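K.L.:
Provided below for reference: sequence and predicted model.
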Amino acid sequence: MEQSSRTSATDLRPDVPHPARMYDYYLGGKDNFPADREAAERALAANPEFRSTARANRGFLQRAVRFVTGQGIDQFLDIGTGIPTVGNTHEIAQQVDPQARVVYVDNDPIVLTHARALMAGMGLGRTDVLQADLRGPAGILSAAEVKGLLDLDRPVALVLAAVLHFLPDETEPYKIVETLVDALAPGSYLILSHGTADFIPPEVRDRVTGVYSKATAPLVGRSREEVRRFFDGLELLEPGVVTVPLWRPEEEPAEGADRVSMYGAVARKL
């Protein structure tokens, strides 16, 4: 997840809520601190759907990864991966193609510690972890971990799942995505999900953003059209930008799936 000036890439800061650890709490994980749990509970009090939204986003990620792997993609650059949990990108991709390679990128030390332990425990030479910040895309693309495992002259799936809503407009998130996509070969895919306040009252939105304003990164919900802009210049696949439960569901979506506060989509670089 994203870091702010309040924390460095080498400081866990367990006393300051972190979005990656809060997200882990929403998913039922245990890799979080009291400050994360307290902040997450405040966010849940403001919007009880946070937990179901996190799970719906995880389902979207898994379906999208499975789809692009089925299209022949065997390389993944997953930025802002968060705390490792069951059903991560490499697990889903390697179920379809055991030779699939994945580089995870995050700037939270606790995320990297857990991810590296997971990789070492599984003995996977086709998965690597990079500590870096999404706000420095050029540094990510030139990192030894990326250049050593991925061949950017061949198609890659760029995964930006539930991370861009931690980048305020002044960090130029559209330019960041454009820089990353421009470096990818034709035939590459962009898998992206993004939080929105389109379906919640303004007072709920303000309470939630207030919680995250005290964390290591703010929360910026964007509209459907604003999320659509991240795919400019790409071939947006059906069904387009939709709430995450509605992106190619494998079973009948639950009631209210069209109002989940997270959009998702997949696009192909021509």
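P.N.:
Looks like it came in fine.
K.L.:
Count residues in the vicinity of Glu38, would you?
P.N.:
Glu38 is flanked by 14 other residues according to other Cβ atoms under 10 Å. For every residue, glycine as well, the C-beta is placed using N, CA and C.
K.L.:
Let me fix that, I meant to ask about Val159.
P.N.:
Neighbours of Val159 (other Cβ under 10 Å): 27.
K.L.:
Look up the pLDDT of it for me, please.
P.N.:
Val159 carries a pLDDT score of 98 in this model.
K.L.:
mind checking the SS state of the residue nearest to it when sequence neighbours are not counted?
P.N.:
Distance criterion Cβ to Cβ, 6 or more residues apart in numbering; nearest residue to Val159, sequence neighbours excluded, is Asp78 at 4.1 Å. The three-state label given to Asp78 by DSSP: H, G, I helix; E, B strand; the rest coil is strand.
K.L.:
residue contacts, Asp78?
P.N.:
Neighbour list for Asp78: 89, 102-105, 159, 161 [criterion: Cβ atoms under 8 Å, 6 or more residues apart in numbering].
K.L.:
Include distance to Ala265 when you put those into JSON lines, please.
P.N.:
Formatted as JSON lines, the contacts of Asp78 follow (distance: Cβ to Cβ, whole Å):
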{"residue": "Thr89", "distance to Ala265": "17"}
{"residue": "Val102", "distance to Ala265": "21"}
{"residue": "Val103", "distance to Ala265": "22"}
{"residue": "Tyr104", "distance to Ala265": "21"}
{"residue": "Val105", "distance to Ala265": "20"}
{"residue": "Val159", "distance to Ala265": "12"}
{"residue": "Ala161", "distance to Ala265": "11"}
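K.L.:
Now intersect those residues with the strands, please.
P.N.:
Members of the contacts of Asp78 lying in strands (criterion: DSSP state E): 102-105, 159, 161.
K.L.:
Who are the contact partners of the nearest residue to Ala215 once chain neighbours are set aside?
P.N.:
Counting by Cβ to Cβ, 6+ apart, Pro17 is the residue found nearest to Ala215 once chain neighbours are left out, at 4.0 Å. In this structure, Pro17 makes contact with 35-36, 38-40, 211-212, 214-216, judged by Cβ under 8 Å, 6+ apart.
K.L.:
Which of the three states applies to Pro17?
P.N.:
Following three-state DSSP, the label given to Pro17 is coil.
K.L.:
Ok, Ser193 next?
P.N.:
Assignment for Ser193 (three-state DSSP): strand.
K.L.:
for the one 4 residues further on, same thing?
P.N.:
Applying three-state DSSP to Ala197 yields a three-state assignment of coil.
K.L.:
Next, count neighbours for the residue nearest to it when sequence neighbours are not counted.
P.N.:
Excluding its sequence neighbours, the residue lying closest to Ala197 (Cβ to Cβ, 6+ apart) is Gly221, at 3.6 Å. By other Cβ under 10 Å, the residues close to Gly221 number 20.
K.L.:
quick one on the thing from earlier: ramachandran angles for the residue nearest to Ala215?
P.N.:
phi -60, psi 140 (degrees, to the nearest 10).
K.L.:
Please tell me how far it sits from Ala115.
P.N.:
Distance, Pro17 to Ala115, by Cβ to Cβ, to the nearest Å: 20 Å.
K.L.:
Next: Leu234.
P.N.:
Using Cβ to Cβ, Leu234 is found at 28 Å from Ala115.
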